[in-house]
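Asks: Have a look; sequence and predicted model below, questions after that.
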Amino acid sequence: MTTTTPSDIRPDPPHSPDDGSLAEFGYRQELHRSLGRYASFAAGFSFISVLTTVFQFFAFGYAFGGPVFFWAWPAVLVGQLLVAACFAELAARYPISGAIYQWSSRLSNLTFGWFAGWIMVIGQIVVVAAAALALQMVLPAIWSGFQLVGTDSAVTSEDGAANAAVLGVILLVLTTLVNIVDNRVMSVVNRVGVTAEIIGAVLIVVLLLTHSTRSPGITFHTTGAASSGLFGALAVGSFTAAYVMIGFDSAGEMSEETHHPRRTAPRTILTALGAAGLLGGLVILGGLLAAPSLTDGRLGVDGLSYVLTSRLGDGLGKVLLADVVVAIAVATLAIQTAACRMLFSMARDGQLPFSRRLARVNPGTGMPNAPALVVGVLAAALLLLNFASPDAFLAIGTTCIVMLYLAYAMVTGPLLIRRLRGEFTSEGTDETGGRLFSLGRWGIPVNALALLYGLLMTVNLAWPRAAVYDPAGGHWYFQWFTVLFLAATVVAGGAYRAYRRRTAAQSDAAVQKAAV
């Protein structure tokens, strides 16, 4: 297989002023550059998707942490803002698709960057599957007819887990089609969906707070928590916030399709995370204050869907749940798009199997079709785990968070080393002549805290707690699923890299022999 590196590629003359920054890195403009500032914001916000992820993991967070799990939210938000600030700097300097892979490669070396991209793209595929599973938390609550398998809609039941897989596969078919059609269609769907989600989230917050029956002081209690002690409640309860506040780097992933990416992407990375963090925290607080009961067990099983329909009535509650369905669909689309861009970027450099096919862009639509199909098929295959056991729901959800957190650390780590060596510059201008986004003298402390936070959260999320991952017992592979999946990902990546080196060496030897 022929491989290329950024320095091997000679770009065509740029087609617009924005394309010049891409040509600077040795690539030609193939993806269609049609996204403005709001579309860039929507890319990051829809990956985070407050309504999708909060509705999906609220029940889990409450079941293990009780009301006090709310305080894990601001802690995670601060940590992720530190990471996002570092990413904003990198998005301004390297406005290229495949952000994590490109950033890590340019800050360290190609091998380390390749593993960062490999772990990230596998994690993104798992996130696609996890997001699609969220439909089970909402659709059956709107209409029982959406329970296509069995009668029990709880995701912790065998019927609910199987039905979640069926609904998820249907959604993946639709998002894959949109990811093939045209990036303008994808952008319109994304923007409309994000607008509807923001309006719905604000409305949900207002209605829940106006229907509250208790004071915010309840958030200092561990009522109904399964975890032992305050630390345990917060450690496990932080899974909800950790799952919600990932994917803000998607604005950087879409840089090659964004106008003025050096100026736009850094700002939209931070605003997407900030907006999602604020709205998500208020939704969780509103749910805790308005819940009919904190002790009847339903809040730890049915989550926010139960709060909406019981407090606001079936009519209004189901309308708001329909808005959540839109958010889930758009989130799945956005996450799949980000994974497609990562595959495309790595394949363009000849760094993946079947690179030539994966790097091909449809000139009419500006979309890389093969990556969309690969991501859709692999995510659908992961959903089949839900037929094996309801515990797969949590295993898939937690695994994807760990993968992304580790990939993030593989960027913030090399970035910190470059800063300490004085090799990371804050100089440069964006497309409008303004200064590039920079942390200035705060760069080292912010970067160091971002790396420390990321590593600690990775360990916390991956820790094989039997009470969390295998509550029923007898499924050791679910208890260790995250660790095993990560190990398998690294081993598979290492095996592929070794195979590439061996075949490249054989090819070089054959060329030298023929020359003689």
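Replies: Sure, I can see it. Residues are numbered from 1 along each chain as shown.
Asks: Quick check on residue 244: phi, psi?
Replies: For residue 244, the backbone dihedrals (degrees, to the nearest 10) come out as phi -70, psi -50.
Asks: What pLDDT does the model give it?
Replies: Residue 244 is assigned a predicted lDDT (pLDDT) of 88.
Asks: list the contacts for residue 394?
Replies: Shown in contact with residue 394 (CB atoms under 8 Å, 6 or more residues apart in numbering): 60, 468-469, 478. Bear in mind the C-beta positions are built from the backbone N, C-alpha and C, glycine included.
Asks: go with 6 Å
Replies: With contacts taken as CB atoms under 6 Å, 6 or more residues apart in numbering, residue 394 has no neighbouring residues.
Asks: Secondary structure element for it, which one?
Replies: Assigned by DSSP states H and E, residue 394 belongs to helix 392-420.
Asks: Quickly find the element holding residue 455.
Replies: Using DSSP H and E, residue 455 sits in helix 443-462.
Asks: Can you name every helix or strand that that helix contacts?
Replies: For helix 443-462, the packing partners by 3 or more CB pairs under 6 Å, 6 or more residues apart in numbering; DSSP states H and E come out as helix 72-93, helix 392-420.
Asks: tell me the mean pLDDT for the first one?
Replies: Taken as a whole, helix 72-93 has an average pLDDT of 96.
Asks: Which phi and psi values does residue 258 adopt?
Replies: With angles defined as degrees, to the nearest 10, residue 258 sits at phi -110, psi 140.
Asks: Name the nearest residue to residue 146, sequence neighbours excluded.
Replies: residue 139 (3.8 Å; CB to CB, 6 or more residues apart in numbering).
Asks: And that neighbour, how close does it get to residue 310?
Replies: Counting by CB to CB, to the nearest Å, the gap between residue 139 and residue 310 amounts to 18 Å.
Asks: Tell me which of the two has more neighbours.
Replies: Neighbours were counted for residue 139 and for residue 310 using other CB atoms under 10 Å; residue 139 has more, 25 against 17.
Asks: hang on, the earlier thing: would you list the helices and strands packed on helix 443-462 in JSON lines and tack on distance to residue 153?
Replies: What follows is the helices and strands packed on helix 443-462, written out as JSON lines (distance: least, CB to CB, whole Å):
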{"stretch": "helix 72-93", "distance to residue 153": "27"}
{"stretch": "helix 392-420", "distance to residue 153": "13"}
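Asks: ok, and what's touching stretch 193-203?
Replies: Here stretch 193-203 makes contact (CB under 6 Å, 6+ apart) with 42, 45-46, 50-51, 279, 323, 326-327, 330.
Asks: so where's the protein shaky on pLDDT?
Replies: The chain contains residues with pLDDT under 70 at 1-21, 224-228, 506-516.
Asks: tell me, what residue is most central in it?
Replies: Centroid-nearest residue in the chain: residue 247, 3.6 Å away (criterion: CA atoms, centre = their mean).
Asks: what's the distance between the nearest residue to it once chain neighbours are set aside and residue 438?
Replies: Of all residues not flanking residue 247 in the chain, residue 47 sits nearest, at 3.0 Å (CB to CB, 6+ apart). Relative to residue 438, residue 47 is positioned 25 Å away (CB to CB).
Asks: Those two: who's more crowded?
Replies: Set side by side, residue 47 and residue 438 show more neighbours around residue 47, with 31 against 19, by other CB under 10 Å.
Asks: wouldn't that one be in contact with residue 334 here?
Replies: Yes. Counting by CB atoms under 6 Å, residue 47 does reach residue 334; the two are 4.7 Å apart.
Asks: Please name the spatially closest residue to residue 222 (chain neighbours excluded).
Replies: Using CB to CB, 6+ apart, the closest residue to residue 222 is residue 66 (4.1 Å).
Asks: Quick check: phi and psi at that neighbour.
Replies: Main-chain dihedrals, residue 66, degrees, to the nearest 10: phi 70, psi -170.
Asks: Over to residue 35?
Replies: Dihedral angles (degrees, to the nearest 10) for residue 35: phi -90, psi 130.
Asks: Alpha carbons of stretch 410-425, as PDB, please.
Replies: Presented in PDB, the C-alpha positions along stretch 410-425 are these (Å, rounded to 0.1, in the frame of the first residue of the first chain):
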ATOM      1  CA  MET A 410      -2.400  12.600  24.200                       C
ATOM      2  CA  VAL A 411      -2.800  16.200  22.900                       C
ATOM      3  CA  THR A 412      -2.500  18.200  26.200                       C
ATOM      4  CA  GLY A 413       0.600  16.100  27.200                       C
ATOM      5  CA  PRO A 414       2.800  16.900  24.200                       C
ATOM      6  CA  LEU A 415       1.500  20.500  24.200                       C
ATOM      7  CA  LEU A 416       2.700  20.900  27.800                       C
ATOM      8  CA  ILE A 417       6.100  19.500  26.900                       C
ATOM      9  CA  ARG A 418       6.400  22.000  24.000                       C
ATOM     10  CA  ARG A 419       5.400  24.900  26.300                       C
ATOM     11  CA  LEU A 420       8.000  23.900  28.900                       C
ATOM     12  CA  ARG A 421      10.700  23.800  26.200                       C
ATOM     13  CA  GLY A 422       9.600  27.200  25.000                       C
ATOM     14  CA  GLU A 423       8.700  25.700  21.600                       C
ATOM     15  CA  PHE A 424       5.100  26.700  21.400                       C
ATOM     16  CA  THR A 425       4.600  30.200  20.100                       C
END
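Asks: just to revisit the earlier point, pretty sure the residue nearest to residue 247 is in a helix, no?
Replies: Yes. According to DSSP: H, G, I helix; E, B strand; the rest coil, residue 47 belongs to a helix.
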